[in-house]
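[1] Using only what follows, build the 3D model:
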Amino acid sequence: MSRGFPPIGRRRALQGAAAGFVAFGLLLWWLLPLGEEPPGGTIKFSTGTRAGVYQKYGKMLSDAFAKDMPDLKVRLKDSGGSQANVRRVANGEADFTIAAADAVETYELEKGAGADQLRGVARLYDDYVQLVVPRDSSIRSVAQLKGKRVAIGPPDSGVRLIADRVLKAANINAQKDITPFPDGIDSGPDGLKRGDFDAFFWSSGLPTEGLVNLSKTFAFRFVPIGTDLVTKLHDQGGASSYYRATNMPASAYPSVQKGSTVATIAVSNLLITRADMDPRLTEWLTRTVIRSRDHIGDRVHSAQLVDVRTAIYTDPLPLHDGARRYYRSVKP
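    Numbers count the residues shown, from 1 in each chain. Presented below is the predicted three-dimensional model:
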């Protein structure tokens, strides 16, 4: 054995430790800006309703922000949904939120206060429209909702926007041809179970906890929304152009769908902020959203669909400068 060198086994252990240290350093460099202090302060994040994906995802994002930016305080605020979220960010009641692209476009088309200051941070995942009825219901199409009692979502929700437009595409006036109820995912499942109404609309990432829980105690099914209605939706113009025909995968609610897909429509969800939000904070926040995908995706299935390659497409909003800075830093 050469004098001055450790034994082979010890040398290998030291080499392994050194390699591990280097790998750890590279991982930190990949995750966080090298040598840069994390931003601090306080931000307000508007989420959604109880039992909805927005609220659960927002809470887990808040936890991820706390790990990457220990001095950043995140105040979560429940909301009625996408429409309320867009308005809150536009008028300064919230700094960041998640909202469906059609709700963002609607706010812009209606020239809501502060609409020109809205900016995109990331395209996240898609919402799927879910029209729910009891399993033994005679309702087989949207057209058959005429004359029925239907929950169309809270006034400030994205669900309300979509439900009104889907009903219109089926030649149904939401205020005259049905008995509308303002229930969302927080009260809709129980209302359907009690027989308070015949159907309810919901729009969210898949699966939604409120429907998963309902499936354990009540037999229900989904009414398909076919491509014919999607064509009529597009004919309405405006924000309806953000809807696209798709199929809800059979894996969304296995015990309900029993191996079958369901024709429906989808719309993208965006993480949004304002143009005056600090670019460095927004860059860090964007990084955490992208890098926390797998961890959060274990609990919030929709988060698994967040992808840096598609996150930059925040139409109808331009990217925030801080978000753009992050995407440029990871561009191949």
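[2] Contact partners for the closest residue in space to Gly81 that isn't next to it in sequence?
    Taking Cβ to Cβ, 6 or more residues apart in numbering, and ignoring the residues beside it in sequence, Gly81 has Ser157 as its nearest neighbour in space, at 3.1 Å. Bear in mind the C-beta positions are built from the backbone N, C-alpha and C, glycine included. Contact analysis of Ser157 by Cβ atoms under 8 Å, 6 or more residues apart in numbering lists Thr49, Gly80, Gly81, Ser82, Gln83, Ala84, Gly184.
[3] Filter these down to the ones in helices?
    When helices are assigned by DSSP state H, the members of the contacts of Ser157 inside them are Ser82, Gln83, Ala84.
[4] Mind naming the longest strand for the chain?
    Across the chain, the strand with the greatest residue count (assigned by DSSP state E) is strand 118-134.
[5] tell me how far that one is from the chain's mean position?
    A distance of 5 Å separates the centroid of the chain from that of strand 118-134, by Cα atoms, centre = their mean, to the nearest Å.
[6] Most neighbours among the contacts of Ser157, please name it.
    Ser82 (34 neighbours; other Cβ atoms under 10 Å).
[7] Could you give the bridge partners of the closest residue to Leu317 other than its chain neighbours?
    Closest residue to Leu317 apart from its sequence neighbours, by Cβ to Cβ, 6+ apart: Gly120 at 3.8 Å. Each beta-bridge partner of Gly120 is listed here: Ile272, Leu319, as defined by DSSP bridges.
[8] What are the neighbouring residues in contact with Gly120?
    By Cβ under 8 Å, 6+ apart, the contact list for Gly120 reads Leu270, Leu271, Ile272, Thr314, Asp315, Leu317, Pro318, Leu319, His320, Ala323.
[9] Distance check, the residue nearest to Gly81 against His234.
    With the distance defined as Cβ to Cβ, to the nearest Å, Ser157 ends up 22 Å from His234.
[10] ok, back up a step: for Phe218, state which of the contacts of Ser157 is nearest.
    Of all the contacts of Ser157, the one sitting nearest Phe218 is Gly184; the distance, using Cβ to Cβ, is 17.1 Å.
[11] Now the residue nearest the centre of the chain: closest residue in space that isn't a chain neighbour?
    To find the centre residue of the chain, average its C-alpha atoms and take the closest one (Cα atoms, centre = their mean): that gives Asn269, at 4.9 Å. What sits nearest to Asn269 in space, not counting adjacent residues and going by Cβ to Cβ, 6+ apart, is Leu124, at 4.6 Å.
[12] Wait, that neighbour touches Val306, no?
    Yes - assessed by Cβ atoms under 8 Å, Leu124 is found in contact with Val306 at 5.5 Å.
[13] When these two are compared, which one has more neighbours?
    When Leu124 is set against Val306 and neighbours are counted by other Cβ under 10 Å, the residue ahead is Leu124, at 26 against 23.
[14] Any figure for the gap between the more buried one and Lys176?
    36 Å.
[15] what do Leu124 and Val306 both touch?
    Residues touching both Leu124 and Val306 (Cβ under 8 Å, 6+ apart) are Val289.
[16] rewinding a little: please state the offset of the helix or strand just after the longest strand of the chain from the chain centre?
    The helix or strand immediately downstream of strand 118-134 is strand 149-151, counting by DSSP states H and E. A distance of 24 Å separates the centroid of the chain from that of strand 149-151, by Cα atoms, centre = their mean.
[17] Likewise for stretch 88-98?
    15 Å.
[18] now the end-to-end length of it.
    Between the start and the finish of stretch 88-98 there is a gap of 11 Å, counting by Cα to Cα, to the nearest Å.
[19] Run through who's touching that stretch.
    Here stretch 88-98 makes contact (Cβ under 8 Å, 6+ apart) with 43-48, 54, 57-58, 77, 79, 82, 85-87, 99, 107, 112-115, 117-118, 121, 124, 269-274, 277, 285.
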